[in-house]
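K.L.:
turn this into a structure:
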Amino acid sequence: MMLRDNLAQAILPIVLFTVRLSAAQEVRDVVDPSGQQWREVHRTVRYPVSETQCVDQQQTSYQEHYDVQMCDTYRTSYAPVTEYRWESYWVNRFNPFAQPYLAQRLVPRTYLEARTEVVKVPVTQRNLVPVTRTVRVPVTTQRLVDHDVLVSRHLVSSQAPTVAANPAPALTSSASSLEVGGVRQLDANRPRSIARVPNGTGVTAAAVPSLGPDRR
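P.N.:
Presented below is the predicted three-dimensional model:
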């Protein structure tokens, strides 16, 4: 029982392969110009074929774009400022021979004054701008193409060549035919001579030349 199961499992793939092979094959009867009939076994085989075509595609890229704008900003600067003030001082303070007195004079005084002002400052801003363009890109595609392959070819029936019944050429004999033994051949229309046998039966001899009266 186990041997039978193993044998069935071994034969099953072979049978399936044979069925697939026979289904993929095609038998054709072809007659050539000479009239002979051939039986051809063709098989359709698929081969991958690569095709490259250029197609239009939209591509988007980003480019740097710089914008310069004038913006207001506050700037603080220090500038020297000079002002004059009245200042009192003693005259003849250290002169023992004169009487000192108090007088007024203008004295310059310089200091730094902070000033705030609004100025225009260029500000550069970097932006990425999308740019779309159409380009031709090669695209390779693969497809399966059916090819007819001749597997085997053998002769089924052959037609015998037909020979036309041509009449045999007439053989003409002339008086100047080939001589045999120095004697010319006689014409076929001459009468045949009859040889007699003792019992009285006449037998026609084949092409016996008649002799003259002087040779009998």
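K.L.:
and the helix or strand encompassing residue 127, what does it pack onto?
P.N.:
Assessed by DSSP states H and E, residue 127 sits inside strand 101-157. The contact analysis (3 or more Cβ pairs under 8 Å, 6 or more residues apart in numbering; DSSP states H and E) places strand 101-157 against strand 37-91. All C-beta spots, glycine's among them, are computed from the backbone N, C-alpha and C.
K.L.:
could you check the angle strand 101-157 makes with the strand it packs on?
P.N.:
Between strand 37-91 and strand 101-157, the angle comes out at 180 degrees (axes from the mean of the first three to the mean of the last three Cα atoms, to 10 degrees).
K.L.:
and strand 37-91, what does it pack against?
P.N.:
strand 25-31, strand 101-157.
K.L.:
any idea which of those has the lowest pLDDT on average?
P.N.:
Looking at those, the lowest mean pLDDT belongs to strand 25-31 (a mean of 86).
K.L.:
direction included, what does that strand pair against?
P.N.:
Partners of strand 25-31 in the sheet, by DSSP bridges, are strand 37-91 (antiparallel).
K.L.:
what average pLDDT does the partner strand get?
P.N.:
Mean predicted confidence for strand 37-91 is 91.
K.L.:
tell me the contacts of the closest residue in space to residue 117 that isn't next to it in sequence?
P.N.:
Counting by Cβ to Cβ, 6 or more residues apart in numbering, residue 75 is the residue found nearest to residue 117 once chain neighbours are left out, at 5.7 Å. Contact analysis of residue 75 by Cβ atoms under 8 Å, 6 or more residues apart in numbering lists 116-119.
K.L.:
same deal with residue 148?
P.N.:
Here residue 148 is in contact with 42-44 (Cβ under 8 Å, 6+ apart).
K.L.:
okay, and the beta partners of it?
P.N.:
Bridge pairing for residue 148 - DSSP bridges - gives residue 44.
K.L.:
from the contacts of residue 148, list just the buried residues.
P.N.:
residue 42 (16 or more other Cβ atoms under 10 Å).
K.L.:
dump the contacts of residue 148 into CSV; add distance to residue 131 as well.
P.N.:
As requested, those are exported to CSV (distance: Cβ to Cβ, whole Å):
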residue, distance to residue 131
42, 56
43, 55
44, 51
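K.L.:
out of the contacts of residue 148, which is nearest to residue 53?
P.N.:
The closest of these to residue 53 turns out to be residue 44 (Cβ to Cβ; 26.2 Å).
K.L.:
roughly how far apart are that closest one and residue 142?
P.N.:
18 Å (Cβ to Cβ, to the nearest Å).
K.L.:
for residue 32, same thing?
P.N.:
Plainly put, residue 32 is 38 Å away from residue 142 if you go by Cβ to Cβ.
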